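Enquirer: Need coordinates for the below:
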Amino acid sequence: MKLHAVSDLHLSFAENRQALREIAARPDDWLILAGDIGETAAHLAFALEILAPRFRQLIWAPGNHDLWTLPVGAGGLRGAAKYEALVTLCRTHGVLTPEDDYPIVAIGGRDVRLAPLFLLYDYSFRPADVPAERAVEWAGEAGVHCADERLLYSDPYASVVEWCHARCAATEARLEMCRDGLTNVLINHFPLREDLVRLPRIPRFSIWCGTRRTEAWHVRFNASVVVSGHLHIRSTHYRDGVRFEEVSLGYPKQWKRWAGPPGVRQILPLEHDPEKRPAPAKAGVMLQQ
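Expert: This next block holds a predicted model:
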């Protein structure tokens, strides 16, 4: 068995729907879907109907786009209700979600726990001299905006920040109960560390990219790999000897820089000797793909 991952399929684009159709079947393997499959339940259903028969098991974690309420003002499901509806949809296809037990599977001759997370962001990926209440204004001063401010609702929470903190607290308590010696694969749409958010063209978009509350989770919770998306920049980093994989497909104008759409990424087992990975002292080296 092998573990693969992809995120940010953004199925509102016809080119991305075709790229999804071209993902090869791997009936013995598991596939992680790390968020931003699309903007509607129909987009997620489309992906699951194609991919579920091609893999032994799918694991899903939501992204911000998945949780948008469209069209605006049409009375659709909002906030936690939208998330819960997507969890129900996943379960009808036999897909594991952050609300299910974390599965323990044997990969490459060792047992690992796969932990899909749903954590959101709290605008804390910002300079120390920018107050939290000015974070969105600060980004806007550089012409950087995020559609989440119009389309991502937090009901019944007062704000996305409050929802983020509630999810972090509940997930942290759950992971604390998993301290049993097994290594974990942490799966979240947003990066768990601020220093992994490098967006040269829109650096102030960082405020919508995660929370500092998860900065040390890869060490605290014995992670061997952390899988994320959101940045639309496929990459491999190491921090403290832990491998971080960004697995986005992204928008067509982004992936068309390659000869064709990048497929799923193999997460485990490593395709090279894990003993040859960079040592912790070399943390910060990025292997761009």
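Enquirer: what ranges do the helices span in the protein?
Expert: All helices of the chain, identified by DSSP state H, fall at 14-21, 41-51, 79-92, 135-141, 148-151, 160-176, 217-220, 252-255.
Enquirer: what about the stretch 1-150 of the chain, any weak spots by pLDDT?
Expert: 72-75 (pLDDT under 70).
Enquirer: How about the residue nearest the centre of the chain, nearest residue that isn't a chain neighbour?
Expert: The residue lying closest to the centre of the chain (Cα atoms, centre = their mean) is His189, at 1.6 Å. Spatial nearest neighbour of His189, chain neighbours left out: Gly35 (3.1 Å); criterion: Cβ to Cβ, 6 or more residues apart in numbering. Using the backbone N, CA and C atoms, a C-beta is placed for each residue, glycine as well.
Enquirer: ok, now which ones touch the residue nearest to the centre of the chain?
Expert: By Cβ atoms under 8 Å, 6 or more residues apart in numbering, the contact set of His189 is Ser7, Ala34, Gly35, Asp36, Ala61, Pro62, Gly63, Asn64, Phe118, Ser228, Gly229, His230.
Enquirer: Please report how far it lies from Pro27.
Expert: Distance of His189 to Pro27, given as Cβ to Cβ, to the nearest Å: 26 Å.
Enquirer: Then Gly76?
Expert: Taking Cβ to Cβ, one finds Gly76 at 35 Å from Pro27.
Enquirer: which of the two has more neighbours?
Expert: Under the neighbour definition other Cβ atoms under 10 Å, Gly76 and Pro27 were set side by side, and Gly76 has more, 16 against 8.
Enquirer: Leaving out the residues flanking it, which one is nearest to Ala19?
Expert: Distance criterion Cβ to Cβ, 6+ apart; nearest residue to Ala19, sequence neighbours excluded, is Pro261 at 3.7 Å.
Enquirer: Quick one: neighbours of the closest residue to His93 other than its chain neighbours, just the number.
Expert: Using Cβ to Cβ, 6+ apart and skipping residues adjacent in sequence, the residue nearest His93 is Leu48, 4.3 Å away. Counted with other Cβ under 10 Å, the neighbours of Leu48 add up to 20.
Enquirer: ditto for Ala166
Expert: Neighbours around Ala166, by other Cβ under 10 Å: 14.
Enquirer: Repeat that for Arg234.
Expert: If we define neighbours as other Cβ under 10 Å, then Arg234 has 23 of them.
Enquirer: So it is in contact with Ser248, correct?
Expert: Yes. Between Arg234 and Ser248 there is a contact at 6.0 Å, judged by Cβ atoms under 8 Å.
Enquirer: nearest spatial neighbour of Leu192, skipping sequence neighbours?
Expert: Residue nearest to Leu192 in three dimensions, not counting chain neighbours: Thr214, with 4.2 Å by Cβ to Cβ, 6+ apart.
Enquirer: so the one you found makes contact with Cys168?
Expert: Yes. Thr214 lies in contact with Cys168 (Cβ under 8 Å); the separation is 6.9 Å.
Enquirer: between the two, what contacts are shared?
Expert: Joint contacts of Thr214 and Cys168 (Cβ under 8 Å, 6+ apart) are Leu119.
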